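Visitor: let me see the structure of the following:
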Amino acid sequence: QNMDVNILLKHKNDSFSIAILHFAENDFMVVNPVEKKYFKGMRWSYLVVSEIVVRSRPLHIDIRFNDKKMDRFRMASSHIQGIVNEFVLRAPKSSKYIVTFESGSRTFEYGNEFISVIHKTTREESAALFGDNGAGIGVCSSKIGTADLLSDNVDAKTKRDMREVDRNIDLTGQRVGEIHRQQLAIERQLDSDIERLENLNMRMENTNARIANQTDRVNRIG
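Guide: Presented below is the predicted three-dimensional model:
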């Protein structure tokens with residue numbers, strides 16, 4: 001079954017974009033929720049994955065590939081356990097992914113079909129999972145956060161800290177969505193202004209043509 005989860009895609013310059021990580025039967029991809037298609041160069045077969053790295057930086061994951069020339073795929077998400085678990089479960093029988101936890105990162109269970117921290121959905125149902133905020137930006141409606149993935153023996157302070165991280169990521173996503181909505185509004189206004197100017201220019205050209213035609217007729221009469 002296909003699965004979607006919202007993530008923050010991390011670019012080479014360390015900036016983030018809201019995106020959707022889409023797990024399909026034979027491959028996975030990073031989808032632009034605005035354009036409704038995957039980012040160029042961000043669709044891979046499960047066969048090319050070699051290692052999943054849970055970073056020491058909270059909520060960060062790297063996906064690394066067999067071909068060392070391929071850039072690693074970096075993301076941040078409050079559903080890191082579910083993402084790692086899904087990759088491991090979908091690994092081809094001929095492959096066995098290495099899962100690495102960097103020093104300082106929190107370990108967790110994975111490779112278990114009973115772990116259900118991400119709502120499974122087909123692409124047709126994904127709108128129910130990713131609320132459209134008016135700009136086509138998908139914001140996951142799930143209330144499951146990193147703190148909920150921690151084991152019961154983790155101290156309360158750590159869980160509070162992780163909930164604060166979850167809140168900060170949510171706020172970042174909301175702010176990015178707000179900025180994007182403003183950008184789209186500006187682009188729509190510019191497109192409208194350009195269209196009006198083009199129409200005005202066309203009318204002026206038609207008027208000039210009529211004046212030139214009438215002037216020519218007057219000159220011929222004279």
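Visitor: switch to C-alpha atoms for all contacts and neighbour counts from now on
Guide: Noted.
Visitor: in the chain, which spans are strands?
Guide: 3-10, 16-23, 27-32, 37-45, 49-54, 60-65, 73-76, 98-101, 130-132, 138-140 (DSSP state E).
Visitor: quick one: strands adjacent to the fifth one?
Guide: Sheet partners assigned to strand 49-54 using DSSP bridges are listed as strand 60-65 (antiparallel), strand 98-101 (parallel).
Visitor: let me know which of those strands is tucked in deepest.
Guide: Neighbour counts (mean count of other CA atoms under 10 Å) averaged over each of the strands paired with strand 49-54 peak at strand 60-65, with a mean of 20.
Visitor: hmm, back to that, need the strands of the chain in a markdown table (columns: distance to residue 183).
Guide: Below are those laid out as a markdown table (distance: least, CA to CA, whole Å):
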| stretch | distance to residue 183 |
| --- | --- |
| strand 3-10 | 19 |
| strand 16-23 | 14 |
| strand 27-32 | 16 |
| strand 37-45 | 19 |
| strand 49-54 | 33 |
| strand 60-65 | 27 |
| strand 73-76 | 23 |
| strand 98-101 | 38 |
| strand 130-132 | 16 |
| strand 138-140 | 16 |
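Visitor: hey, least reliable of those strands by pLDDT?
Guide: Ranked by mean pLDDT, the strands of the chain bottom out at strand 138-140, with a mean of 37.
Visitor: what's around residue 176, how many residues?
Guide: 16 (other CA atoms under 10 Å).
Visitor: how near is it to residue 211?
Guide: 52 Å (CA to CA, to the nearest Å).
Visitor: ok, now residue 162?
Guide: For residue 162, the distance to residue 211 - CA to CA - is 73 Å.
Visitor: where does the protein have its least confident helix or strand?
Guide: Every helix and strand of the chain was ranked by mean pLDDT, DSSP states H and E. The lowest is strand 138-140, at a mean of 37.
Visitor: point out where this structure drops to low pLDDT.
Guide: Across the chain, the ranges flagged by pLDDT under 70 are 116-154, 173, 177, 180, 222.
Visitor: what about the top helix by length along it, distance to the chain center?
Guide: Longest helix in the chain, counting residues (DSSP state H): helix 156-221. The chain centroid and the centroid of helix 156-221 are separated by 23 Å under CA atoms, centre = their mean, to the nearest Å.
Visitor: that one versus strand 3-10: what angle between them?
Guide: Between the axes of helix 156-221 and strand 3-10, defined by axes from the mean of the first three to the mean of the last three CA atoms, to 10 degrees, the angle is 80 degrees.
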